[in-house]
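**Student:** A structural model of the following input is requested.
(2 chains)
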Amino acid sequence: EAQVTQNPRYLITVTGKKLTVTCSQNMNHEYMSWYRQDPGLGLRQIYYSMNVEVTDKGDVPEGYKVSRKEKRNFPLILESPSPNQTSLYFCASSLQGGNSPLHFGNGTRLTVT
Amino acid sequence: AQSVTQPDIHITVSEGASLELRCNYSYGATPYLFWYVQSPGQGLQLLLKYFSGDTLVQGIKGFEAEFKRSQSSFNLRKPSVHWSDAAEYFCAVGRLLEYGNKLVFGAGTILRVKS
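**Tutor:** Numbers count the residues shown, from 1 in each chain, chains lettered A, B, ... in the order given. Okay, the predicted model is just below:
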């Protein structure tokens, strides 16, 4: 089944403790992206990647890192999480960016205390 | 800069009634327009998209949307709502950049369906 898989689905952590949210897609998509969803703000793009080893900042990249060493994986790294990063995170992929429809994972709900 | 406005945060309709969700965008050129739906606990699923051509586009689950350039709108419609349509709906506008896919989402509209 074609899908985008994120792990974990739920994560509670403390301020400053490094964490990684994994994202993997099995559709051989070139493009991958991370979004955060906050009430009243919709989805905001954190980082995206057009291809392996090519990543760039979205609208809200501060406090986040990403890497794209393989086509299928695009982990999101929070080196020193803070409470304002408490949010619902989505990974998405598409065939080649641009006007290709996005396929979303089921989300990761992160709480930073 | 691109922006997307969904004026209605919540909408409640009766099952079987018609539905229209509003979306207005701000963008200098002809945009790529999308509607996504998010069911509780799920990721977003594409309902339909507009790139060019016929301004009335059909999507999945009986939804359609009409692009009106003069009004900068891309409203989503369904003639008869089912209880399973209760979800949050997001309008998005995108454009091709040299090095990325810039997609801007609206804040979403939560649809409640009453029986």
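
**Student:** what about B:Arg22, neighbour count?
**Tutor:** B:Arg22 has 16 neighbours, counted by other C-beta atoms under 10 Å in any protein chain shown. For glycine as for every other residue, the C-beta is placed from the backbone atoms N, C-alpha and C.

**Student:** quick one: it and B:Asn75 touch, right?
**Tutor:** Yes: using C-beta atoms under 8 Å, B:Arg22 is in contact with B:Asn75, at 5.3 Å.

**Student:** now stretch B:33-49: mean pLDDT?
**Tutor:** For stretch B:33-49, the per-residue pLDDT values average out at 92.

**Student:** ends of it, how far apart?
**Tutor:** Counting by C-alpha to C-alpha, to the nearest Å, you get 6 Å between the two ends of stretch B:33-49.

**Student:** what sits opposite the residue most central in space within chain A in the beta ladder?
**Tutor:** Chain A has A:Trp34 as the residue nearest its centroid, 3.0 Å off, counting by C-alpha atoms, centre = their mean. Beta-bridge pairing of A:Trp34 under DSSP bridges involves A:Tyr47, A:Cys91.

**Student:** Make sure it is actually in contact with A:Leu76.
**Tutor:** Yes: counting by C-beta under 8 Å, A:Trp34 does reach A:Leu76; the two are 5.0 Å apart.

**Student:** Overlap of the contact sets of those two?
**Tutor:** Residues touching both A:Trp34 and A:Leu76 (C-beta atoms under 8 Å, 6 or more residues apart in numbering or on different chains) are A:Cys23, A:Ile46, A:Tyr47, A:Tyr64, A:Val66, A:Tyr89, A:Cys91.

**Student:** Surely the third one and A:Thr55 touch.
**Tutor:** Yes: in terms of C-beta under 8 Å, A:Tyr47 counts as a neighbour of A:Thr55; the distance is 5.8 Å.

**Student:** tell me, what's touching these two both at once?
**Tutor:** Common contacts of A:Tyr47 and A:Thr55 (C-beta under 8 Å, 6+ apart): A:Val66.

**Student:** Neighbour count for those two, which is higher?
**Tutor:** A:Tyr47 (23 against 19).

**Student:** Drop anything exposed from the shared contacts of A:Trp34 and A:Leu76.
**Tutor:** Burial by neighbour count, 16 or more other C-beta atoms under 10 Å in any protein chain shown: within the shared contacts of A:Trp34 and A:Leu76 this picks out A:Cys23, A:Ile46, A:Tyr47, A:Tyr64, A:Val66, A:Tyr89, A:Cys91.

**Student:** which one among the residues you listed gets closest to chain B?
**Tutor:** When these are compared for distance to chain B (C-beta to the nearest C-beta), A:Cys91 wins out at 8.5 Å.

**Student:** List the contacts of whichever residue of chain B sits closest to chain A.
**Tutor:** Distances between chain B and chain A by C-beta to the nearest C-beta are smallest at B:Gly43, namely 3.2 Å. B:Gly43 makes contacts with A:Val4, A:Phe90, A:Ala92, A:Phe104, A:Gly105, A:Asn106, A:Gly107, as judged by C-beta under 8 Å, 6+ apart.

**Student:** Recalculate using a threshold of 7 Å.
**Tutor:** A:Phe90, A:Phe104, A:Gly105, A:Asn106, A:Gly107 (C-beta atoms under 7 Å, 6 or more residues apart in numbering or on different chains).

**Student:** My understanding was that the third one contacts A:Ser24; is that so?
**Tutor:** Right, A:Gly105. No: between A:Gly105 and A:Ser24 there is no contact under C-beta atoms under 7 Å: 8.8 Å.
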